[in-house]
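[1] Only the shape, not the letters, is given here:
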């Protein structure tokens, strides 16, 4: 008889990625409502990420994009999303699969999601006596995690350091 368990970590990540997909689908159809905007940090080394060579050279591990004032060609699929952002008056297309996303934050409503990799989880998990993993969910308000970003100049995307989101 095999020991079967429910993998709550993967189920939660799947649900969180589904939420991101639904939000981006709505934005692609209706635009950003009110003061909503997103900081999305992703793994630039993920094999399915597509971005300009100069961006991957500049951000070899991770990169944070801001979807706020100007974006174009937002195309949302079941696996990820494509978007064109402006980097110093250079429109650049990007493709980001959901499983490359590390954080998704909407500071206008103090909402954020953080995806942990296996290496990150080793620091954050406790092992119960039966070998099961106990995952602690941090419910701190996002205001404690992110300071309001300065307004980027019109027509230009802002890249912010992930350090703004670390506790």
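    Everything's here; your move. Just so it is clear, the model here is predicted, and its values are computed rather than measured.

[2] separation between residue 37 and residue 108?
    Distance check for residue 37 against residue 108: by CB to CB, to the nearest Å, it reads 6 Å. For every residue, glycine as well, the C-beta is placed using N, CA and C.

[3] Partner strands of the host helix or strand of residue 102, with direction?
    Element membership for residue 102 (DSSP states H and E) is strand 101-106. Here strand 101-106 is paired, per DSSP bridges, with strand 38-43 (antiparallel), strand 111-114 (antiparallel).

[4] On the pLDDT front, check residue 32 for me.
    Looking at residue 32, its pLDDT is 92.

[5] and it, how many neighbours?
    Residues near residue 32, counting by other CB atoms under 10 Å, number 16.

[6] give the contact list for it.
    67, 68 (CB atoms under 8 Å, 6 or more residues apart in numbering).

[7] Can you give me the buried ones in stretch 105-114?
    Buried positions in stretch 105-114, judged by neighbour count with 16 or more other CB atoms under 10 Å: 105, 106, 107, 108, 112, 113, 114.
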